[in-house]
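K.L.:
turn this into a model:
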Amino acid sequence: MAAGIREQELAGLRWLVVSGERTEVFRALGQAARADVHAVQDALPERSALHRWAATERGRIRVGRVLDATHAACGRQLAELRALAAGAGVDFHDLLLANLRGDLGVDDGTGCTDLGWRRTRSYVAHNEDGAPALDGRLMLLTLLVEGDAPVTVQWYPGFLPANTFTATGNGLVWGINHVQAARPADAPGRHFVARALQQAPTLDAAVDHLRTRPSAGGFAYTIGDRAEGRVVVVESVAGRTAVVEADPVHHPLHWHTNHLRHLPEPADAPIAAPATDDGARAARSLGQFEESVARGKVLSALPVPADDPDAQWYLDILTSAPLPDGVHRTAAGADPLMTLCSVVADLTGDGITVRGPAGKTAEMALSDFAQGRAAPATG
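P.N.:
Numbers count the residues shown, from 1 in each chain. Next up, the predicted model:
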C-alpha cells in the first residue's frame, strides 16, 4: 500500500507528514521532495572534493569500514536511505557519501548551537545553522512509520532525517551539533546511529543507545525528557562517549556548540583540524573550530537566572545578535553559514516555539508537534 503524505506549514517552513510502511514512506518522501533532494545535493560545497577523495584507495578503505559497521548495527536505517534515494531518483552512493561525510575524517565545517535547562522547569533550545544555499530547503518532516513511535525532525532533503532537532512520540527531544572527528572510529555512521535513537522509549534508553553504539564521526546531543524534566548532554565522537546531566541545584544551564567540552582531546582523537593533506582545508577547519569556541564564550558568559526563564529568554539568546555579542549566524563577512531555524522546547509546559525564515514564529503543543498535528497561529 502506498504511503500517505500530508503537507502543511509552520513558521514559514514547509512541513511534510508521511505515514505508512517503512520502505514506502521513504520512497514516497523521496518522490515528494525530489526537486529539493537534487537541489540540496547540488548545493553541498564539499561534494566534488568528497567524491574525489572517496575514489582514492585511502577513501575506499575508509568508506568500506564505516559502511560495514553501519550495515551491522543500523541495517534498517541504511535501507531507509536506499528507499529515499530510489524515490528521489538519485544515485544511492551519492546520498551515502553525503550522509557519511562527517564519519570519514574530512572537513565538515561547523554549525548549530544548543541550550539545555533544568530546574523547576525544563527546556531544550536549538539553532539550526546551514549554508545560505539551503535557505528555503530546510523543512519539517513527521514520520509516522508503522510499528514506530512518531517523530518530527528538521530535515535537509537527501539526508537521513536525524542530524538536526528531533521530537519523538515517546516524549524525548534533542538538538544535535556536529563535532569534527579527525580520526574517526571503525563504527557506524553518525546519521544512522542518530536515526535509530529516535525510537528510544526513555531518556535512559537513549543514553544507553549512544553509549553502546558509538559512531564513527561526532555529534553532541542535548536531550530532554518531557515526562521527568531531565536534561543530559551526550558527546558521541569517534567511538567514545561522555554524558553530563543538568543539575537543577548547582548547574541547571548547559550549552554546546561544535567543539568538545566533556571528552578529552588527545592528539589521536577529535581535534580542531581534520586529517587531510590539504593545508587550506585544514586552516579553514581550524577557523571554524575557533568560531565555535567564540560562540561558546558568549554562552559561558550568560548569567544564570535566579528563576526559571521563559521560552522567549532562550529565543532571544539564539536569535538576537551574531558574534561577538551572540550566536545567531548571518553568513556575513567570513562566516559561511546562517541560522535557518530556531526552536525552543518547553518540556514542562508541553510547548514548542519555532522561528523560521525572516523571523516568522509559531507556538504549539510539543506533543502535537511530535505527532505532526499542526493548526497553530503563526505570527
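K.L.:
quick one: end-to-end distance for stretch 350-370.
P.N.:
In stretch 350-370, first residue to last residue: 11 Å (CA to CA, to the nearest Å).
K.L.:
what residue ranges in this protein score low on pLDDT?
P.N.:
For the chain, residues meeting the criterion pLDDT under 70 lie at 1, 108-109, 265-287, 375-379.
K.L.:
spatially central residue for it, please.
P.N.:
Centroid check for the chain by CA atoms, centre = their mean gives T164 as the closest residue, at 2.2 Å.
K.L.:
count of neighbours near D148?
P.N.:
Residues lying near D148 (other CB atoms under 10 Å) number 14. The C-beta positions use only the backbone N, C-alpha and C, and glycine is treated the same way.
K.L.:
list the contacts for it?
P.N.:
R22, Q198, Q199 (CB atoms under 8 Å, 6 or more residues apart in numbering).
K.L.:
adding secondary structure and distance to V304, write those out as JSON lines.
P.N.:
Formatted as JSON lines, those follow (DSSP: H, G, I helix; E, B strand; the rest coil; distance: CB to CB, whole Å):
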{"residue": "R22", "secondary structure": "helix", "distance to V304": "44"}
{"residue": "Q198", "secondary structure": "coil", "distance to V304": "31"}
{"residue": "Q199", "secondary structure": "coil", "distance to V304": "34"}
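K.L.:
top of the residues you listed by neighbour count?
P.N.:
When neighbours are counted by other CB under 10 Å, Q198 leads the contacts of D148 with 26 neighbours.
K.L.:
write down the beta-bridge partners of the closest residue to that one other than its chain neighbours, one by one.
P.N.:
Sequence neighbours aside, V151 is the residue nearest to Q198 in space, at 4.6 Å (criterion: CB to CB, 6 or more residues apart in numbering). Following DSSP bridges, V151 is listed with bridge partners L143, T168.
K.L.:
so V151 makes contact with T164?
P.N.:
No: using CB atoms under 8 Å, V151 is not in contact with T164, being 11.7 Å away.
K.L.:
give me the common contacts of these two.
P.N.:
Joint contacts of V151 and T164 (CB under 8 Å, 6+ apart) do not exist.
K.L.:
residue contacts, the residue nearest to the centre of the chain?
P.N.:
C112, H126, E128, V153, Q154, W155, Y156, G175, I176.
K.L.:
identify, from those, the entry nearest to L323.
P.N.:
C112 (14.4 Å; CB to CB).
K.L.:
which one is D308 nearest to, not counting chain neighbours?
P.N.:
Of all residues not flanking D308 in the chain, R121 sits nearest, at 4.2 Å (CB to CB, 6+ apart).
K.L.:
what about that neighbour, how many residues nearby?
P.N.:
Around R121 there are 18 residues (other CB under 10 Å).
K.L.:
who's in contact with it?
P.N.:
Contacts of R121 by CB under 8 Å, 6+ apart are G229, D308, D346, L347, T348, G349.
K.L.:
thought A216 was touching L67?
P.N.:
No: between A216 and L67 there is no contact under CB under 8 Å: 9.9 Å.
K.L.:
does A79 count as helix, strand or coil?
P.N.:
helix (DSSP: H, G, I helix; E, B strand; the rest coil).
K.L.:
please renumber so the chain begins at 701
P.N.:
Got it, the first residue is 701 from now on, which makes the last one we talked about A779.
K.L.:
ok, now how distant is it from R895?
P.N.:
Separation of A779 from R895 (CB to CB, to the nearest Å): 11 Å.
K.L.:
who's more crowded, those two?
P.N.:
A direct count of neighbours by other CB under 10 Å for A779 and R895 places R895 higher, at 26 against 14.
K.L.:
correct me, but that one touches P861?
P.N.:
Yes: between R895 and P861 there is a contact at 6.9 Å, judged by CB under 8 Å.
K.L.:
dump the helix or strand hosting E709 to CSV, restricted to CA.
P.N.:
Per DSSP states H and E: E709 is located in strand 704-710. Taking Å, rounded to 0.1, in the frame of the first residue of the first chain, the C-alpha atoms of strand 704-710 are listed here in CSV:
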residue,chain,number,x,y,z
GLY,A,704,0.1,8.8,2.7
ILE,A,705,1.5,12.3,2.5
ARG,A,706,0.1,15.4,4.0
GLU,A,707,1.6,18.9,3.6
GLN,A,708,1.3,21.8,6.0
GLU,A,709,3.3,24.8,7.1
LEU,A,710,4.7,26.1,10.3
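K.L.:
residues of that strand that come out buried?
P.N.:
For strand 704-710, a neighbour-count test (16 or more other CB atoms under 10 Å) marks I705, E709, L710 as buried.
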